[in-house]
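A.B. asks: Build me a structure from this.
(one chain, ligands or ions: 1)
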Amino acid sequence: MTTSQEKGGTAAANALPVAARTQDVERFGPVYDGELVDENPPAPRPTFTRRFMNWWQRSRHVPAVFKSKHAARQGGKDAVVWLLRCPWRFVGAVTRGLVVALRGWRRWVRVHDYRDAAEQAEKLSDKFVEIRALTLFRWKVTGAVIAAAAVALLVADLMFGDRALWVASAVTAVALAIAGRRKDGSPGRKPVLSGPRTLTWTMDPQVLVDAFRDAKLIGKDESLRLVERAARVGDGWAITVDLPATRKAADVIKHRDALASALAVDEVQLIAERVRGRGGHAGRVSLWVADEDPYSGPPLRSPLVDVEWWDVWRPVPFGRDARGRRIDLPIVWTSLLVGAIPRQGKTFATRNAVAGLVLDPYTRLYLFDGKGGKDWEAAEQVAYRFVCGDELEHAEVLRDNLIGLVAEVQARFARMATLDDELCPESKITPTISRDVHLGMPVTAVVIDEVQVFLENPTPQRVGGKKMTLGEYIADLLTYLARKGPAAGIVVILATQRPDSTTIPSRLRAVLGSRLALRVMDWRDSNIVLGEQMNTRGYDASTLLPSHKGVGILRPDGETDAGAEVLAMTVRTYYMPNAQWREVCARGRALREVAGTLAGQAVGDFTTQAIDAAAVVKALGAGGAVETGAPADDPALPEPLASVVEYLGEEIDEREFVPTAELVEALSAEPTSFGRQMRELGCQSARDYAPQDDGTERRVRGYHTAAIRAAVAAARAPAGDYGAGDDDGR
Ligand SMILES: Nc1ncnc2c1ncn2[C@@H]1O[C@H](COP(=O)(O)OP(=O)(O)OP(=O)(O)O)[C@@H](O)[C@H]1O
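C.D. replies: Presented below is the predicted three-dimensional model:
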């Protein structure tokens, strides 16, 4: 995103439908013009010059300093620093050379090599007399050399004066400096640095190479290639390096903490990212080392507080990364899960996303607050439905509204099927459809804070002849909405302080597109929010600090400013205290009044539409078959997948991991061909912990149920079916 927030506000305002713009909108806040861009392409250079410049820029033989003004400036600075440091480095090298010379002489005079050899051959006592004689002889040689040198110096002094002494001293110093110059693998000559090495490595990239070796990210004989030298970026230093061939940048990200330790900085200060796309490859890493904890400053003010209105089709300002880069989160066509232990900023983070919806008058909000506090109170004035509380009656209202929304999804798909291709090209809602009040399909968000309160409700229900708890039914409804709703403009946003596998069933998690994990208890909880195996890829929200309120790991669904290829990033969410939140909500109401879109509870209308409950149950059955366990004789499922699904039954949703040994035994299958067949069906085995008979846990080979479910979905769903994703396969 290249325009500033204010520009964004203007662009968004221009996008307002004519109906809304022609009414009396009271404007406040500055409105800036867009950035001027020179559209005229530069005149092409003569071919030879261009070819020469190309060669010059790419040639390995041309030093980097001659390639750009920036590099030349940096090179000049480096040269000055080098010159200033020269005298100190020379003194240091001479001192180290002296130590090396003295050590070498000591070893020689004490006949260490001979002594060691005799010791190893266990003949030390036999050789004792010989060693002693040799030691004595070497002492005598030393004495003779010193005496000869002293005499030679004296004679030279007498013959040539002080000059001879100076020349001799200079030659000795240079010899010692050469002996004492830094060389890898020379014992006693490795730099031992104290304190953070951030500054040191910017001066001497060898320190960075050593850190990579110490962190075991490269081998002892391997080195790094500098792609971009250390430069100041924001409040830290950035550098881009190429790893040796076959080493992977993903491993550096995974073992970031080991590298942080080797560089003697806190891991929150070290940001390691892969450089992808053009100019990047699997072995190129960009490192940024912050001068201090980048998340410790004063809270960040949300840009949404200062905009007149927001277009919800644009990613919503969500926070900033450690380097201060803005992170915007796409809201439409996806869904969001926020998980964290209490008091880490879950509600505030969720409010950031919801603020974007509040500030777009063409959106509809269903808000359910299971906490029952005043965090969401202000949104009541704009919400189509607002429910606050954790009693049975509140859970029932939620259920009824979700049933209504499932019916609404079906109705929207039916209506979209009748629209012409120009208005609705892909059976998906578009900005034009969502803003056409006559079509009645506004972007609608179902926001549930503390969703676990509702999902754990044990009240028995009978749904389509099947017995289940109210919580399970709500989970099924939410799963349907998160799976089918986004294409119809219905967005699910859930926040929970209990991100465990029993509270949020995996079938629901698997269809939630974006995830934000603020601090959680352990890596398992982190994986539950972010997706399977994310800790092994270097993303573990349990390592975030308690003092880092509002800081979390975001795994976005779709492209963010950090790029579509970025798997996840640590983000410090914007802080919108209650006063600002109230302001935003009041503005949202005013905008809806002007646009004529204020509806539902906000205008005292509590009526609900008549719903065909049987159609909803049927829809759930069709949409939920994959998650709730397939019938064994399902003809769509090939073997051995069908047998695996039959064997696991309901456990396919309840368990995370099934050992191969267990499956092979239960199905009486031959292990090798079983593995091959599963692989062919797109179900890869993995290694993970599984409980043993003796109560311990051991890492064994097996299948993650998410992978099995994904393979089931792939085997069943027609190509391109929307939402057939899983935790990792998104
Ligand atoms: N982005 C942020 N920057 C700075 N401080 C924040 C941020 N977000 C939240 N906080 C602080 O953290 C506190 C807890 O936030 P919040 O109420 O959102 O937590 P929660 O996870 O929803 O808690 P609970 O689970 O109890 O509802 C807030 O009072 C606020 O002071």
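A.B. asks: what's the spacing between residue 386 and residue 380?
C.D. replies: For residue 386, the distance to residue 380 under the criterion CB to CB, to the nearest Å works out to 4 Å. Backbone N, C-alpha and C define where each C-beta goes, glycine included.
A.B. asks: Report the set of residues contacting both of the two.
C.D. replies: Taking CB atoms under 8 Å, 6 or more residues apart in numbering as the contact criterion, the residues that touch both residue 386 and residue 380 are 367, 601-602.
A.B. asks: Just the buried subset of those, written out for ChimeraX, thanks.
C.D. replies: Only the buried members of those end up in this ChimeraX selection, burial being decided by 16 or more other CB atoms under 10 Å:
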select :367,601,602
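A.B. asks: how about the shared contacts of residue 386 and residue 380 in JSON lines, adding secondary structure and pLDDT?
C.D. replies: Conversion of the shared contacts of residue 386 and residue 380 to JSON lines gives the following (DSSP: H, G, I helix; E, B strand; the rest coil; pLDDT from 0 to 100):
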{"residue": "367", "secondary structure": "strand", "pLDDT": "96"}
{"residue": "601", "secondary structure": "helix", "pLDDT": "90"}
{"residue": "602", "secondary structure": "helix", "pLDDT": "90"}
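A.B. asks: The shared contacts of residue 386 and residue 380 also near the ligand: which ones?
C.D. replies: Filtering the shared contacts of residue 386 and residue 380 for proximity to the ligand (criterion: CB under 6 Å from any ligand atom) leaves nothing.
A.B. asks: ok, of the shared contacts of residue 386 and residue 380, which one's closest to residue 595?
C.D. replies: Distance from residue 595 was checked for each of the shared contacts of residue 386 and residue 380 by CB to CB. The minimum falls on residue 602, at 13.0 Å.
A.B. asks: what sits against the closest one?
C.D. replies: With contacts defined as CB under 8 Å, 6+ apart, residue 602 is in contact with 380-384, 386, 589, 592.
A.B. asks: Let me know the closest of those to residue 479.
C.D. replies: Within the set of the contacts of residue 602, residue 384 lies nearest residue 479; the separation is 21.9 Å, counting by CB to CB.
A.B. asks: quick one: that closest one and residue 600 touch, right?
C.D. replies: Yes - using CB atoms under 8 Å, residue 384 is in contact with residue 600, at 3.3 Å.
A.B. asks: what touches both of those two?
C.D. replies: With contacts defined as CB under 8 Å, 6+ apart, the residues shared by residue 384 and residue 600 are residue 364.
A.B. asks: Neighbour count: these two, which is higher?
C.D. replies: Taking other CB atoms under 10 Å, residue 384 and residue 600 do not tie; residue 384 has more neighbours (21 against 18).
A.B. asks: what sits against the more buried one?
C.D. replies: If you count contacts by CB under 8 Å, 6+ apart, then residue 384 has 364-366, 444, 599-602 around it.
A.B. asks: hmm, which two among the contacts of residue 602 are most spread apart?
C.D. replies: Most distant of these, by CB to CB, are 386 and 592, 14.1 Å apart.
A.B. asks: What is the burial count for residue 132?
C.D. replies: Based on other CB under 10 Å, the number of other residues close to residue 132 is 11.
A.B. asks: and what of residue 354?
C.D. replies: As a burial measure, residue 354 scores 30 neighbours (other CB under 10 Å).
A.B. asks: same deal with the one 5 residues further on?
C.D. replies: Burial of residue 359, expressed as a neighbour count using other CB under 10 Å, amounts to 25.
A.B. asks: Where does pLDDT dip in the stretch 51-200 of the chain?
C.D. replies: By pLDDT under 70, the low-scoring segments of the stretch 51-200 of the chain are 113-128, 182-200.
A.B. asks: Now with 50, please.
C.D. replies: For the stretch 51-200 of the chain, applying pLDDT under 50 flags the ranges 184-196.
A.B. asks: So which residues of it form helices?
C.D. replies: In chain order, the stretch 51-200 of the chain shows helices spanning 69-109, 112-120, 124-160, 162-180, 198-203, with DSSP state H, counting those that start in this stretch as the criterion.
A.B. asks: Please identify which of those helices is closest to the ligand.
C.D. replies: For the helices of the stretch 51-200 of the chain, proximity to the ligand was assessed by CB to the nearest ligand atom; helix 198-203 is nearest, at 25.5 Å.
A.B. asks: Show me what secondary structure element comes after that closest one.
C.D. replies: helix 205-214 (DSSP states H and E).
A.B. asks: What's the first helix or strand after that next one?
C.D. replies: Using DSSP H and E, the helix or strand that follows helix 205-214 towards the C-terminus is strand 225-233.
A.B. asks: same for whichever helix or strand comes after that following strand, what does it pack against?
C.D. replies: Next along the chain after strand 225-233, taking DSSP H and E as the criterion, comes strand 236-242. The elements that strand 236-242 packs onto, with contact taken as 3 or more CB pairs under 8 Å, 6 or more residues apart in numbering; DSSP states H and E, are helix 198-203, helix 205-214, strand 225-233, strand 284-290.
A.B. asks: and of the ones you listed, who's closest to the ligand?
C.D. replies: That would be, of the helices and strands packed on strand 236-242 and by CB to the nearest ligand atom, strand 284-290, which comes in at 17.3 Å.
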